[in-house]
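*Asks:* Task: produce atomic coordinates for the following.
(one chain, ligands or ions: 1)
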Amino acid sequence: MSQHTATPESVAERAVTPSPDAAVPLTGAVSFAAVSKVYDNGFTALDGISLEVGVGEIVTLVGPSGCGKTTVIRMAAGLTSVSSGEIARSTDRIAYVFQDATLLPWKTVRRNVELVAKLGKVPPDVRARRATDAIRAVELERFESALPRQLSGGMRMRVSLARAMAADAELMFMDEPFAALDEFTREEMQQRLLDLWRAERFSAMFITHSIREAVLLGHRIVVMDAHPGRIVDVVTSPHPPTEDRDDHERALALRETEERVSGLLAEGRGRR
Ligand SMILES: Nc1ncnc2c1ncn2[C@@H]1O[C@H](COP(=O)(O)OP(=O)(O)OP(=O)(O)O)[C@@H](O)[C@H]1O
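*Replies:* Numbering: from 1, shown residues only. Okay, here's the model as predicted:
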């Protein structure tokens with residue numbers, strides 16, 4: 001792994017700047033302008049990331065382990081500081097699905113699902129309705145009163161996903177939310193997420209290790225590489241999730257896009 005020689009002290013640490021005070025002109029949901037991240041141990045995780053996520057756009061991120069995908073979305077969500085460059089975000093109504101379910105162990109499924117909406121001051125009746133819909137979307141109706149320890153790992157991730165769905169967020173950050181699910185449930189959840197997106201048109205940054213998932217869900221697919229972490233290309237989907245269609249032509253186009261993304265990732269591996 002490449003190590004940055006700069007000491008952390010030599011790097012100005014800047015927090016995420018939500019608009020309207022943002023220094024970066026913001027036309028989309030999130031803008032990254034030449035953003036770099038050097039961690040406290042001097043490791044350069046990201047070098048010069050520039051990207052704009054449009055309002056109502058799902059951007060998926062793929063790349064080898066350690067290329068900085070989580071760091072990108074943590075910075076955009078304001079959970080990790082920026083070392084140089086600027087990030088602007090159009091809204092504070094965000095939801096974040098972590099790699100682990102991160103549920104409160106003493107609260108039931110329903111209470112966990114309502115939590116982010118409650119913190120976001122969504123009125124109680126709206127909150128309850130959204131939680132009911134979200135719990136149904138992840139097919140956990142029978143487990144509403146269960147505690148997290150009574151659920152499997154995949155079920156806990158579905159609760160975490162439902163919590164984000166119930167939050168009434170304008171911007172979602174999702175860090176491999178489906179990785180722990182079996183193939184069948186994963187496909188179900190992908191469709192539920194797209195159903196919700198078609199109804200609400202939130203903006204999203206979605207990390208995945210599955211090229212297929214990245215192409216299926218993304219309007220654009222950000223392909224990253226490591227050492228240091230950077231964007232190597234941004235591929236536009238020929239059939240974005242705006243279209244609720246399932247035909248041969250679409251399947252072929254998605255397959256071609258998967259091959260293109262796969263090729264870009266292989267080029268990165270070849271360079272390392
Ligand atoms: N707090 C930290 N301090 C030092 N280095 C860190 C820290 N957090 C992450 N890193 C390093 O930064 C790099 C990017 O990490 P990050 O988690 O963003 O990558 P990723 O692409 O999301 O990885 P994965 O696909 O395995 O989840 C990695 O090399 C990681 O070891």
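*Asks:* Tell me which stretches of the stretch 1-150 of the chain form helices.
*Replies:* 69-77, 109-119, 124-137 (DSSP state H, counting those that start in this stretch).
*Asks:* Looking at the ones you listed, which is nearest to the ligand?
*Replies:* Between the ligand and those, the tightest spacing by C-beta to the nearest ligand atom is seen for helix 69-77, at 3.3 Å. Backbone N, C-alpha and C define where each C-beta goes, glycine included.
*Asks:* which helices and strands does the closest one pack with?
*Replies:* The contact analysis (3 or more C-beta pairs under 8 Å, 6 or more residues apart in numbering; DSSP states H and E) places helix 69-77 against strand 30-38, strand 44-53, strand 58-62, strand 84-89, strand 94-97, strand 171-175, strand 203-207.
*Asks:* that older thread, pick the most buried one from the helices of the stretch 1-150 of the chain.
*Replies:* helix 69-77 (a mean of 23; mean count of other C-beta atoms under 10 Å).
*Asks:* which residues touch it?
*Replies:* When contacts are defined by C-beta atoms under 8 Å, 6 or more residues apart in numbering, helix 69-77 is touched by residues 16, 30, 32, 35, 37, 45-46, 49, 61-63, 80-82, 87, 89, 94, 96, 99, 173-175, 205, 207, 224, 229.
*Asks:* And stretch 127-142, by the same measure?
*Replies:* 109-110, 113-114, 117-118, 122, 144, 155, 158-159, 161-163, 165-168, 188-189, 192, 195-196.
*Asks:* Would you show me how to pick out the buried ones of these in ChimeraX?
*Replies:* Here is the ChimeraX command that selects only those of the contacts of stretch 127-142 that count as buried (16 or more other C-beta atoms under 10 Å):
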select :109,110,113,114,117,122,155,158,159,161,162,163,165,166,167,168,188,189,192,196
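*Asks:* what pairs with whichever strand or helix holds residue 223, and is each one parallel or antiparallel?
*Replies:* Using DSSP states H and E, residue 223 maps to strand 220-225. Applying DSSP bridges, strand 220-225 is found paired with strand 58-62 (parallel), strand 230-236 (antiparallel).
*Asks:* mind checking which of these is nearest the ligand?
*Replies:* Of the strands paired with strand 220-225, nearest to the ligand by C-beta to the nearest ligand atom is strand 58-62, at 8.1 Å.
*Asks:* List the residue ranges of this protein that fall below the pLDDT cut-off.
*Replies:* 1-26, 242-245, 272 (pLDDT under 70).
*Asks:* can you list the residues of it near the ligand?
*Replies:* Proximity of the chain to the ligand (C-beta under 6 Å from any ligand atom) is limited to residues 39, 41, 43, 45, 63, 65-71, 229.
*Asks:* For the residue nearest to residue 104 when sequence neighbours are not counted, which residues are in contact?
*Replies:* Closest residue in space to residue 104, ignoring its immediate chain neighbours: residue 112 at 5.8 Å, by C-beta to C-beta, 6 or more residues apart in numbering. Contacts were defined as C-beta under 8 Å, 6+ apart; by that measure residue 112 touches 103-104, 148, 159, 163.
*Asks:* With distance to residue 219 added, can I get the residues you listed in TSV?
*Replies:* As requested, the contacts of residue 112 are exported to TSV (distance: C-beta to C-beta, whole Å):
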residue	distance to residue 219
103	30
104	33
148	33
159	27
163	24
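*Asks:* and these, which two are the farthest apart?
*Replies:* 148 and 163 (11.4 Å; C-beta to C-beta).
*Asks:* overlap in contacts of those two?
*Replies:* 103, 112.
*Asks:* one step back: of the residues of the chain next to the ligand, buried ones?
*Replies:* 45, 63, 67-71, 229.
*Asks:* Now whichever residue of the stretch 151-272 of the chain sits closest to the ligand: closest residue in space that isn't a chain neighbour?
*Replies:* Here the residue of the stretch 151-272 of the chain nearest the ligand is residue 229; by C-beta to the nearest ligand atom that distance is 5.8 Å. With C-beta to C-beta, 6+ apart as the criterion, residue 229 has its nearest non-adjacent residue at 2.9 Å, and that residue is residue 68.
*Asks:* Spatially nearest residue to residue 148, not counting backbone neighbours?
*Replies:* That would be residue 103: by C-beta to C-beta, 6+ apart, it lies 4.3 Å from residue 148.
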